[in-house]
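Undergrad: Give me a 3D structure for the following:
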Amino acid sequence: MSEPLRLLSIAATGQAGSTILSRLLGARLGVISVGEIGFIWDRALLEDVPCSCQQPFRECPFWREVGERAFGGWGTIDADAMVALRNEMNFLGRSFPQWTVLPVIAVPSLSPQYRRTVDRYASVMARLYRGIADVSAARIIVDSMKQPPHVFMLRRIAGADIRWIHLVRDSRGVAYSNMKWVRRQGADPDAFRPRHPPQKTSFRWDWINLAFGSLARSDRPLLRVRYEDLVSETEEQLMRVEGWLAAGPDGASWDLAQRVSGSRAEHLVAGNRVRLQSPDAPLRLDTEWHEKLSSRDRWVVTSMTWPLLLRYGYELRDIH
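TA: Take a look at the predicted model:
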């Protein structure tokens with residue numbers, strides 16, 4: 001009888017350092033870090049982006065074997081149909097913003113139709129996670145797919161043992177990162193990541209962090225980690241995460257004694273391009289916004305996000 005799936009989900013906004021945390025956990029705990037796994041259908045199967053092992057997805061021996069174990073080969077999967085199903089779960093293409101349907105995302109039973117969509121997607125993801133667990137022999141899978149529907153969907157995977165790390169970053173740093181021109185990873189070398197004005201980023205930062213914070217009031221354990229602490233106090237924060245997992249916050253300890261052989265058990269299929277750098281590259285705290293975010297934009301972001309900034313221990317004063 002196979003062991004139950006153990007999923008460690010990193011719940012965060014974009015530009016909050018989830019790829020960094022994924023790689024650190026993979027190296028520290030010997031777990032398998034798979035990155036933003038929900039993008040496997042388009043960025044990996046359709047666009048063939050490189051895995052963090054530097055090989056194109058379709059040439060990566062690890063992912064080739066996962067496809068065989070999970071589905072009898074990737075050729076049996078209709079990637080376009082899976083993208084459509086994921087987008088349906090995410091309410092993409094609708095005339096209303098995602099935050100307006102957050103109650104349904106958090107409690108799918110409020111809409112039988114949406115519940116069926118989530119369950120269809122969860123059933124495929126369960127097979128994918130099981131394939132990853134079997135091939136890697138990992139006892140814990142780290143998933144950094146941050147979209148709220150995906151994070152909440154994990155609760156619909158029958159028999160899975162799931163825990164969340166709520167990763168937060170100063171809203172002003174997130175806002176500045178979302179204003180920069182950054183080339184998008186994928187088939188089109190001239191495509192750029194979408195840019196967002198400070199007001200939009202601030203509102204999204206608020207509602208997503210509030211949504212993920214609500215997970216702490218559910219029946220699943222959650223640990224909050226700040227990006228700034230993770231980079232500046234890496235050893236202390238990783239020990240904190242490891243102790244939290246081993247202590248069994250929900251009464252069921254995750255035994256970390258049996259680790260995956262090898263020191264770099266990671267195959268991130270999507271995420272920040274830092275996933276393609278050497279895992280031994282030194283960490284650097286991104287504080288560029290301190291100097292380059294304008295006073296006006298800093299004021300806008302702070303005024304829109306100050307209650308949660310205070311809750312998470314950030315200072316409201318300007319930083320120059």
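Undergrad: Return the helix or strand in the protein with minimum mean pLDDT.
TA: The weakest-scoring helix or strand in the chain, judged by mean pLDDT, DSSP states H and E, is helix 18-29 (a mean of 85).
Undergrad: If you count contacts, what does the helix or strand following it end up packed against?
TA: Reading on from helix 18-29 to the C-terminus, the next helix or strand found by DSSP states H and E is strand 32-35. Under the contact criterion of 3 or more C-beta pairs under 8 Å, 6 or more residues apart in numbering; DSSP states H and E, the helices and strands touching strand 32-35 comprise helix 18-29, helix 112-136, strand 141-143. Heads up, the C-betas are built off the backbone N, CA and C, glycines and all.
Undergrad: Could you say which helix or strand holds Gln237?
TA: Taking DSSP H and E as the criterion, the element that holds Gln237 is helix 234-247.
Undergrad: pretty sure Leu308 is touching Ile208, no?
TA: No - proximity of Leu308 to Ile208 does not meet the contact threshold set by C-beta atoms under 8 Å, at 10.3 Å.
Undergrad: between the two, which one's more packed in?
TA: Under the criterion of other C-beta atoms under 10 Å, the comparison of Leu308 against Ile208 puts Ile208 first, with 22 against 16.
Undergrad: separation between the residue lying closest to the more buried one once chain neighbours are set aside and Pro148?
TA: Closest residue in space to Ile208, ignoring its immediate chain neighbours: Thr13 at 5.0 Å, by C-beta to C-beta, 6 or more residues apart in numbering. Taking C-beta to C-beta, to the nearest Å as the criterion, Thr13 is separated from Pro148 by 10 Å.
Undergrad: joint contacts of those two?
TA: Each of Ile208 lies in contact with both Thr13 and Pro148 under the rule C-beta atoms under 8 Å, 6 or more residues apart in numbering.
Undergrad: ok, and what's touching the top strand by length along the chain?
TA: The single longest strand within the chain, with elements called by DSSP state E, is strand 161-168. Among residues not part of strand 161-168, those counted as contacts by C-beta under 8 Å, 6+ apart are 4-13, 16-18, 21, 151, 154-155, 209, 212-213, 215-216, 220-227, 230, 241, 245, 249-250, 252, 254, 312.
Undergrad: Just the ones of those in helices?
TA: Ser18, Leu21, Val151, Asn209, Phe212, Gly213, Tyr227, Leu230, Val241, Leu245 (DSSP state H).
Undergrad: I'd assumed Phe212 was in contact with the third one.
TA: It stands for Val151. Yes - with the criterion set as C-beta under 8 Å, Val151 and Phe212 qualify as a contacting pair; they are 6.8 Å apart.
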